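Colleague: Fold the following, please.
(one chain, ligands or ions: 2)
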Amino acid sequence: MKIAIIGAGNLGLAVAKGVLHSNGATTMYLTKRNTTEIKDFEKYGNVTVTSDNQEAVKKSDVLIFAVQPGHFAAILEQVKDLLTEKHVIISTITGFSISKIEEIIGSERYIIRSMPNTAISVGNSMTCLCTNELGKKRIDLAKAIFNRMGHTLEIPEDQMQAATVICASGIAFWMRLIRATTQGAIQLGFDAKEAQELAMHTCNGAASLLIESGSHPEEEIDRVTTPKGCTIEGLNEMEHQGLSSSLIRGIVASFEKISHIKKG
Ligand SMILES: NC(=O)C1=CN([C@@H]2O[C@H](COP(=O)(O)OP(=O)(O)OC[C@H]3O[C@@H](n4cnc5c(N)ncnc54)[C@H](OP(=O)(O)O)[C@@H]3O)[C@@H](O)[C@H]2O)C=CC1
Ligand SMILES: O=C(O)[C@@H]1CCC=N1
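Modeller: Ligands and ions are numbered 1, 2, ... in the order given. Below you'll find the predicted structure:
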């Protein structure tokens, strides 16, 4: 597989690391305007770092766009005449619809929108996917690419904004929860390193428990909460302070912001 990542910034580089981690490409092009800080990636023999998007497009089959929304249209204009039937166009761009992409490059191209998160760098992204009409013929390819770097779910395009909040921004939300738990553990006497270790592995264990058992979270909570015990005491205090409510409100605020990004 010949992959180009157009826009090797935070997400693009996370995808690049995921591809390297999973041996997912025969060749990989990484592009950005200022390439100095990512030149190191060329130590992996099959990687080319360049600011020439057109060269990357010509030499690759799968094009993963990971630039800021405001840059995307101009970059598509720059490469549209080089696109052929070999190309699968994958956009990770927030709020940029398939119809807007088709307005620039036409509908006779395989177009896939993908919403991964930065855990793709360690092969553990939750990635949502949707396609244009023609792109349906390449959805299995896209799933194969992203399943090597985590888990995928195909969704209708109108759920893409919500998926961005839950899965992409979600990484930041979960990090903050892990950080807060770490601070609590420090207050209870662990040193900072141990506190983080306890917080992250407990978080990982909670997620694994749900993934492997298929249980509802409340079922697992019931197994932990001894009547009159310390768990229910802590949980109820967290709820009195608005834990669930603040998470839900944050998610909704984040979702509303995407609508503004989309309009902008
Ligand atoms: N960060 C995340 O976790 C996620 C981000 N997204 C979406 O992915 C996209 C990228 O986000 P993120 O990685 O955070 O943003 P960054 O700003 O970190 O990365 C964008 C990159 O695009 C490069 N770029 C800008 N213009 C060009 C150009 N003309 N040709 C090639 N490269 C260019 C920039 O480098 P330079 O200036 O050197 O060109 C920069 O490195 C956004 O649309 C975002 O909404 C989606 C899911 C998760
Ligand atoms: O914060 C943002 O707008 C982008 C989209 C999801 C993650 N980062």
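
Colleague: how much space between the residue lying closest to A162 once chain neighbours are set aside and S169?
Modeller: Distances taken as CB to CB, 6 or more residues apart in numbering put F255 closest to A162, at 6.1 Å, once the chain neighbours are dropped. Every residue, glycine included, has its C-beta placed from N, CA and C. Remark: distance between F255 and S169 (CB to CB, to the nearest Å) = 9 Å.

Colleague: So between these two, which is more surrounded?
Modeller: Under the neighbour definition other CB atoms under 10 Å, F255 and S169 were set side by side, and S169 has more, 18 against 15.

Colleague: Count the residues that sit near the nearest residue to the more buried one once chain neighbours are set aside.
Modeller: Of all residues not flanking S169 in the chain, S254 sits nearest, at 5.3 Å (CB to CB, 6+ apart). Each residue near S254 was counted by other CB under 10 Å, and the total is 19.

Colleague: Point out the other helices and strands that the helix or strand harbouring S254 packs with.
Modeller: Element membership of S254 [criterion: DSSP states H and E] is helix 243-263. The contact analysis (3 or more CB pairs under 8 Å, 6 or more residues apart in numbering; DSSP states H and E) places helix 243-263 against helix 160-163, helix 170-187.

Colleague: That one: how far from the chain's middle?
Modeller: Using CA atoms, centre = their mean, to the nearest Å, the distance from the centre of helix 243-263 to the centre of the chain it belongs to is 17 Å.

Colleague: Buried ones in that helix, by neighbour count?
Modeller: When burial is assessed from 16 or more other CB atoms under 10 Å, helix 243-263 yields the following buried residues: I251, S254, I258, I261.

Colleague: how close does the second one sit to ligand 2?
Modeller: In this structure, S254 and ligand 2 are 8 Å apart, going by CB to the nearest ligand atom, to the nearest Å.

Colleague: Counting by contacts, list what the helix or strand harbouring N236 packs against.
Modeller: Secondary structure from DSSP H and E places N236 in helix 230-240. When contacts are defined as 3+ CB pairs under 8 Å, 6+ apart, helix 230-240 sits against helix 217-224.

Colleague: Please repeat the previous calculation with a cut-off of 10 Å.
Modeller: Helices and strands touching helix 230-240, by 3 or more CB pairs under 10 Å, 6 or more residues apart in numbering; DSSP states H and E, are helix 217-224, helix 243-263.

Colleague: helix, strand or coil for the residue of the stretch 101-250 of the chain found nearest ligand 2?
Modeller: Here the stretch 101-250 of the chain gets closest to ligand 2 at one residue, A168, 3.6 Å apart by CB to the nearest ligand atom. Going by DSSP: H, G, I helix; E, B strand; the rest coil, the secondary structure assigned to A168 is helix.
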